[in-house]
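> Sharing a model that was predicted from the sequence below.
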There are 2 protein chains.
Amino acid sequence: MSIDVGTRLRSVRLIYGLSQRELARRAGVTNGLISLIEQNRVSPSVGSLKKVLDGVPMSLAEFFTINIDVAPQFFYGDDELVEIGTDEVSLRLVAARRPARQLTILRERYAPGAATGDDALSHRGEEGGVVVRGRIELTVGGTARVLGPGEAYYFSSSIPHRFRNVGREPCEIISASAPPTF
Amino acid sequence: MSIDVGTRLRSVRLIYGLSQRELARRAGVTNGLISLIEQNRVSPSVGSLKKVLDGVPMSLAEFFTINIDVAPQFFYGDDELVEIGTDEVSLRLVAARRPARQLTILRERYAPGAATGDDALSHRGEEGGVVVRGRIELTVGGTARVLGPGEAYYFSSSIPHRFRNVGREPCEIISASAPPTF
DNA sequence: GCCGCCTGTTTAGGATCATGGACGAAAGTG
DNA sequence: CACTTTCGTCCATGATCCTAAACAGGCGGC
């Protein structure tokens, strides 16, 4: 046994901003089990680990695939975008290193003070985008950052997230989501 | 518990052409455990499943990622190759639907009766190729097929495989492997 | 201080997993 | 036909997991 299930689980849980008890409640297990797993004092059965991950939610495939060594990159500065277009058509690729992207591009505008709601969103798929005009506060997995024009984001939509325009002028975002909803 | 670990394990084991006892021996567990897991009568601990998969070998991430519903496509007929080149430079892509390919092309010749060895090969990475001239018998994961000019192959190198020229004339193959060894 | 409420950890015991061996069925050999 | 080998399954026992509950520490309010 060499794979560090405990550390992986702890990382996943903290990304979602949950306590051991809260995750245990959602997963239908006891908080003690979460504690023991995270300390690598037990090797959970596949069934138990599945139950725990269902409370996040995350699939077993994702759990064993994600790289917890490097923190998932949620935010991209202006210079972190990769140009993949031509001279006539410039295409700056967001999250260029992230494999298997399948996105549908959207254009979003936020009035001053507007937000996606009081509660954080959490749904299937992935999403990313670029701020074109104005400033917007984006909260992803407990980490918040204000993005300005030229800055971008990319994250798994199942991680709770929320957009809020904290500036005085309208905010415009070119965003993308997958799988396509419309 | 909804994920069918048992069926997945059985599929993986049969792809490698192993009996329960043989897999158990390689993995350092008992054949009874393999039997119980494949019948879904127990939910193995992550540690145990890891040990079992180490005997194949296969990672936990692969195990939960692979699609066992559609059998992995090892062989490609002449009409199953995809043209991705230009009029001047024709590039017919093998395993076009397989994502994240990273291959180094090789050209191989096999004299009549020649083979890669008595034992099947098994190593890291992936490989594929096209028969240009002659006929060659290719065995992959217990399944054998004789390929002629224009036919091709693609598989994960960790699955035991063996090439053998069963014809009377030399055989020529354009092959590729990853990660690059030279 | 002394609550109340949260956090993660620990422990005893019942539930489940994993082992070693026995069993019957099927296939090959003399 | 008997004998052997290999197959997958099943069973009793010991090992491990998982639960329920107690425990210790941190933080804010009164």
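Structure received. Quick caveat, the model's predicted, so the values are computed rather than measured.
> So in chain A, which helix runs the longest?
Taking DSSP state H as the criterion, chain A has its longest helix at helix A:5-15.
> Against which helices or strands is that helix packed?
helix A:31-38, helix A:46-54, helix A:60-65 (3 or more C-beta pairs under 8 Å, 6 or more residues apart in numbering or on different chains; DSSP states H and E). (Each C-beta comes from the backbone N, C-alpha and C, glycine too.)
> So which of those is the most surrounded?
helix A:46-54 (a mean of 20; mean count of other C-beta atoms under 10 Å in any protein chain shown).
> Next one: that one, is it in contact with DNA strand D?
Yes. Contact of helix A:46-54 with DNA strand D (C-beta under 7 Å from any atom of the strand) involves A:G47, A:S48.
> Those residues of chain A touching chain B, which are they?
Proximity of chain A to chain B (C-beta under 8 Å from any C-beta of the partner chain) is limited to residues A:1-3, A:5, A:42-51, A:59-61, A:64-65, A:99-100.
> Tell me who's in contact with the residue nearest to A:Y16 when sequence neighbours are not counted.
Spatial nearest neighbour of A:Y16, chain neighbours left out: A:V56 (5.7 Å); criterion: C-beta to C-beta, 6 or more residues apart in numbering or on different chains. Contact analysis of A:V56 by C-beta atoms under 8 Å, 6 or more residues apart in numbering or on different chains lists A:V12, A:R13, A:Y16, A:L18, A:L23, A:R26, A:S158.
> Domains in chain A, by residue range?
A:5-65, A:75-178 (automatic domain parsing).
> where in chain A is pLDDT low?
A:1-2, A:67-108, A:117-133, A:141-143, A:150-151, A:153, A:155-160, A:172-182 (pLDDT under 70).
> From A:S59, how far off is the closest residue to A:L60 other than its chain neighbours?
Distances taken as C-beta to C-beta, 6+ apart put B:F64 closest to A:L60, at 4.4 Å, once the chain neighbours are dropped. Relative to A:S59, B:F64 is positioned 7 Å away (C-beta to C-beta, to the nearest Å).
> How about A:P112?
In terms of C-beta to C-beta, A:P112 sits 39 Å off from A:S59.
> Please apply the same query to A:I37.
Noted for A:I37: a distance of 17 Å to A:S59, by C-beta to C-beta.
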